[in-house]
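Student: no sequence on this one, just coordinates:
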C-alpha cells in the first residue's frame, strides 16, 4: 500500500541501548522529517532531510542520529537511549519544502526504562 | 523556538454543538495550518491558510487566518462523535518552509453522543 510506514509501532528499551526507528514512504517525496510528541510540548522537529544524503538538525536533535541513503527510507537512531527520550515519534514527508502539506506516519511509541 | 498558544487545551461537548478553538502568537506567521490527530494515528491536515484574512471551509470545518497574522481560528459546526481527537494548529514564518513549522500544543476534543 502506498503511504508512509513506521516501525515498530511500540518499543521498550533500556537506558543506554541503541535503538533505531524506521520510516519508509512510497510516494517518492523528497522531504522527510522526524518529530517527537510529548505532553505539554506538542510536536517538535528532531531532524529533517531534503533528499538522499542531505540531512539537517531541527529543534531538538541532541541524542539522535539520522541517515538517508535512499529517498524512501529515513531511519532515526537513538545512540544511547535515555529516559527523557521516552516519547511518541512521528515520521513525515512532503513533496516540496514550501507550501506543501506534511503527511505523517502513525507513530512509534518508545519507552526507555 | 517560536511559541504558539493554542486554546482551549481540552473541550467536552455534546454531539450537535459547535466548537471553536484558536491559536495565537506574538510573532507574525505567513501560513497557518490545522491538523487533526485521531487516537493512535498521525496528524492529518484539515485546512491550510496562506493569506491574512482568508476564510476557508472543509465540510463542517471552517478556519480563518487572522488579519494581524498572529492568530488563527478553527470552528467545527454540528459536532459528531468522529470529531473526537486532538486538533493542532501550526504556523510557518517567512517563506512557508516546512523546516520552520511550529506546532501548537493541541486541543483535545471529546464529543459525548
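Tutor: Everything's here; your move. All values derive from a computational prediction rather than experimental measurement.

Student: Burial check on the residue in chain A positioned nearest to chain B, number of neighbours?
Tutor: Closest contact between chain A and chain B, by Cβ to the nearest Cβ, is at residue A:104 (3.0 Å). Bear in mind the C-beta positions are built from the backbone N, C-alpha and C, glycine included. Other residues near residue A:104 number 22, with proximity taken as other Cβ atoms under 10 Å in any protein chain shown.

Student: residues near the residue nearest to it when sequence neighbours are not counted, how many?
Tutor: Distance criterion Cβ to Cβ, 6 or more residues apart in numbering or on different chains; nearest residue to residue A:104, sequence neighbours excluded, is residue B:42 at 3.0 Å. Look at residue B:42: counted by other Cβ under 10 Å, it has 22 neighbours.

Student: Look up how far residue A:78 lies from residue B:42.
Tutor: 20 Å (Cβ to Cβ, to the nearest Å).

Student: Residue B:72 too?
Tutor: On the measure of Cβ to Cβ, residue B:72 and residue A:78 end up 34 Å apart.

Student: neighbour-wise, which of these two wins?
Tutor: Ranked by neighbour count (other Cβ under 10 Å), residue B:72 and residue A:78 place residue B:72 first, with 28 against 20.

Student: That one in helix, strand or coil?
Tutor: strand (DSSP: H, G, I helix; E, B strand; the rest coil).

Student: With adjacent residues omitted, what lies nearest to it?
Tutor: residue B:32 (3.9 Å).

Student: Next up, the contacts around the closest residue to chain A within chain B.
Tutor: Across chain B, no residue is closer to chain A than residue B:42, which sits at 3.0 Å (Cβ to the nearest Cβ). Neighbouring residues of residue B:42 by Cβ atoms under 8 Å, 6 or more residues apart in numbering or on different chains: A:90, A:92, A:104, A:105, A:106, A:107.

Student: Select the longest strand from chain A.
Tutor: The longest strand of chain A (DSSP state E) is strand A:42-51.

Student: helices and strands around it, which ones?
Tutor: strand A:31-38, strand A:54-57, strand A:64-66, strand B:85-92, strand B:101-103 (3 or more Cβ pairs under 8 Å, 6 or more residues apart in numbering or on different chains; DSSP states H and E).

Student: Lowest average pLDDT across the ones you listed?
Tutor: Here the lowest mean pLDDT among the helices and strands packed on strand A:42-51 goes to strand B:101-103, at a mean of 89.

Student: which residues touch the nearest residue to residue A:46 once chain neighbours are set aside?
Tutor: Distances taken as Cβ to Cβ, 6+ apart put residue A:34 closest to residue A:46, at 4.4 Å, once the chain neighbours are dropped. Contact analysis of residue A:34 by Cβ under 8 Å, 6+ apart lists A:21, A:23, A:45-48, A:58, A:64, A:66, A:74, A:76, A:89-92.
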